[in-house]
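# Below are the sequence and a predicted model; questions follow.
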Amino acid sequence: MDMGSGESSRRKFLKQLGIGAASFAIAPILKLPHARADDDHVYFNTGTLGLSPREVTETVVMVMRNEENDRIKAQDEERYSIRARQSLAKLVGASAEEISLTHNATEGNNIVAWGLPLKRGDEVIVTTHEHVGGVLPWLNRARLEGIVVKSFDPAPTAAQTLERIESLMTASTRVIAIPHVLCTTGMVMPIAEIATLAHSRDAYCAIDGAQACGMVALDLHAMGVDFYATSGHKWLLGPKGTGFLYVRKDLLDTLAPKFVGAYSDSGWGLNPATIEGLNPTAHRYDFGTQNAALQAGLVAATDYFQKLGPTEIYKHGFDLATRLQGGLREHASHIELLTPTEDQSRGMITTFKFRDPALDFRKFGTYASENKFRVRLVSEAGQNAIRVSTHLCNTVSEIERFLGIVDQFA
């Protein structure tokens, strides 16, 4: 790559998008200490697992040690649960009563897929770019109970995507269940508009937000979604094995909990045998002994985001992705950029592939690792591509170095 002409082209591309070099001035501030497994590698795989800040991992360890020393009583465990719900609700524009603490987005997706009142023949619309944790719950209910799952290919723009969804809808459509951000191309879906479309046809809007929370600004009330499942261990940088499910308050009695236990109910008895009622909040979906240490770590992660400023975090990752995409577009003759170019339809994920079939994406994965970069290979939906996640732990110089090895490989 001719770094002189390349830098000039990149600056021109960034200028066209309204992003100049000054936009990257926050990078040194945001590159704070992380608990990295191997500091000699550049970590471009937040979309799989986020690198938790040390204050998050240290909080988890501290609470675990306190538990083993019997310093935490039952009421203290519940306190961590309450704080986690409150912190998450504030971050995503919801109320604490609408937040259920789960282990990951997959668990939340299962709660929704099995809890909605669907019957044989009812239709659920999904994309062809689903993660297994987002679509398998619906496919499993289709296998066991005869609901119908229909899919569409996401379009390059938000408007075209809406048209494709609407063209699939019939009188039997009951749910639009799609990702907020595609795990394949990184496309950011027009969720507010999709929710409006669903409600205009008396359908539910159930969103798999595994790739969104911590990448894009969320205001779930304003977006109008009915259900939103996500993980805390990706872009939010929380402990592994954490997540939450948002259930719109007026739909709590619509979404039936299929598994229950302590904290799910508001009273029960055996003479006569009955459950007097369910917990009036989304706590009805998570029950029994919870991991207080992980919940405390999730609070630490949301506090970390609030301290740095979510807007600055989103801008940092987005600007890095824009710079990377600009560099890749310079070589359009041998590189295909799969991530949408429309601003509203892209975030911190950049996905690309080589046009030459001989340049196998798996070989590039090995080459990238040999050159000290961690990326994610995308085989879902037959993409056979390379996915790069840019987040807090990344810098402009890392983007430039990566563009160099892409050019060398090609």
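Alright, I've got the coordinates. Values in this document were obtained by computation on a predicted structure and should not be read as measured data.

# and residue 126, what does it touch?
134, 135, 138, 149, 150, 151, 177, 178 (Cβ atoms under 8 Å, 6 or more residues apart in numbering). C-beta here means a position set from N, CA and C on the backbone, and glycine is covered the same way.

# Buried by neighbour count, from those residues: which ones?
Among the contacts of residue 126, those that count as buried by neighbour count (16 or more other Cβ atoms under 10 Å) are 134, 135, 138, 149, 177, 178.

# before we move on, the earlier item: which of the contacts of residue 126 fall within helices?
Among the contacts of residue 126, the residues falling in helices (DSSP state H) are 134, 135, 138.

# With respect to residue 318, which of those is nearest?
residue 134 (23.1 Å; Cβ to Cβ).

# wait, isn't the closest one in contact with residue 181?
No - if you go by Cβ atoms under 8 Å, residue 134 and residue 181 don't touch, sitting 11.0 Å apart.

# Tabulate the buried ones among the contacts of residue 126 (TSV), appending pLDDT.
Compiled in TSV, the buried ones among the contacts of residue 126 are given as follows (pLDDT from 0 to 100):
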residue	pLDDT
134	96
135	97
138	98
149	98
177	98
178	98
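
# Any chance of the residues you listed in JSON lines with distance to residue 60 as columns?
Shown next, in JSON lines, are these (distance: Cβ to Cβ, whole Å):
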{"residue": "134", "distance to residue 60": "27"}
{"residue": "135", "distance to residue 60": "31"}
{"residue": "138", "distance to residue 60": "33"}
{"residue": "149", "distance to residue 60": "37"}
{"residue": "177", "distance to residue 60": "32"}
{"residue": "178", "distance to residue 60": "32"}
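
# any idea how this protein splits into domains?
3-30+309-409, 56-306 (automatic domain parsing).

# of all these, which gets the most neighbours per residue?
Highest mean neighbour count of these: domain 56-306, a mean of 19 (counted as mean count of other Cβ atoms under 10 Å).

# quick one: terminal-to-terminal distance for it?
One end of domain 56-306 sits 14 Å from the other (Cα to Cα, to the nearest Å).

# do stretch 284-301 as well
With Cα to Cα, one end of stretch 284-301 sits 24 Å from the other.

# Renumber starting at 51 from here on
Renumbered: residue one is now 51, and that last one reads stretch 334-351.

# and that stretch, how far out from the chain's middle?
Its chain's average C-alpha position is 19 Å from that of stretch 334-351, according to Cα atoms, centre = their mean, to the nearest Å.

# The most centrally placed residue in the chain: what secondary structure?
Central residue of the chain (Cα atoms, centre = their mean): residue 261, 1.9 Å from the mean position. The three-state label for residue 261, taken from DSSP: H, G, I helix; E, B strand; the rest coil, comes out as coil.
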